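Trainee: Sharing a model that was predicted from the sequence below.
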Amino acid sequence: MNDSQNTPKTSRRQTGGAKKQPGPMEILRQARTQLAELTGADAEKVTSFEQSEDGWSLEIEVLELSRVPDTMSLMASYQVDLDPEGQLTGYRRVRRYERGRSDAHRQGGR
């Protein structure tokens, strides 16, 4: 009888102990929070978001230096990689630009 009584408890523990994968919105929140902690710059916008073989890959824009007028503020885009659970595994700045400047390399190749 002990074995039959222990079996359901063990099954419940295993089911309850399984890690639930975070959803896309939780991944976005975790990426923004972790990047802000590491860089000291607040994330303004997520411009790219996709699931990869190793987890998640995002591009996040941050305000690096506030200037007056605001169109002269210095912005940066960061490539951020997270594991399947949403923990940051790496990041790198991929470009810097003034907020008021257009992005010539993405305008259709003129």
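Mentor: Sure thing, it's come through. Nothing here was measured: the structure is a model prediction, and the numbers come from that model.

Trainee: can you give me the offset of stretch 68-82 from its chain's centre?
Mentor: Distance of stretch 68-82 from its chain centroid, counting by C-alpha atoms, centre = their mean, to the nearest Å, is 15 Å.

Trainee: Which residue ranges of the protein form strands?
Mentor: For the chain, applying DSSP state E gives strands covering 43-52, 55-65, 74-82, 88-98.

Trainee: can you give me the angle the second one makes with strand 43-52?
Mentor: For strand 55-65 and strand 43-52, the angle between their directions (axes from the mean of the first three to the mean of the last three C-alpha atoms, to 10 degrees) works out to 160 degrees.

Trainee: Go ahead and flag the most central residue of this structure.
Mentor: residue 31 (2.6 Å; C-alpha atoms, centre = their mean).

Trainee: got a list of what it touches?
Mentor: By C-beta atoms under 8 Å, 6 or more residues apart in numbering, the contact list for residue 31 reads 43, 46, 56, 58, 60, 80, 82, 86, 88. (Glycine included, C-beta is placed from N, CA and C.)

Trainee: repeat that for 7 Å
Mentor: 58, 60, 80, 82, 88 (C-beta atoms under 7 Å, 6 or more residues apart in numbering).

Trainee: now the nearest residue to the fourth one once chain neighbours are set aside: how far from residue 71?
Mentor: The one in question is residue 82. Distances taken as C-beta to C-beta, 6 or more residues apart in numbering place residue 56 nearest to residue 82, at 4.4 Å, with adjacent residues excluded. Counting by C-beta to C-beta, to the nearest Å, the gap from residue 56 to residue 71 is 32 Å.
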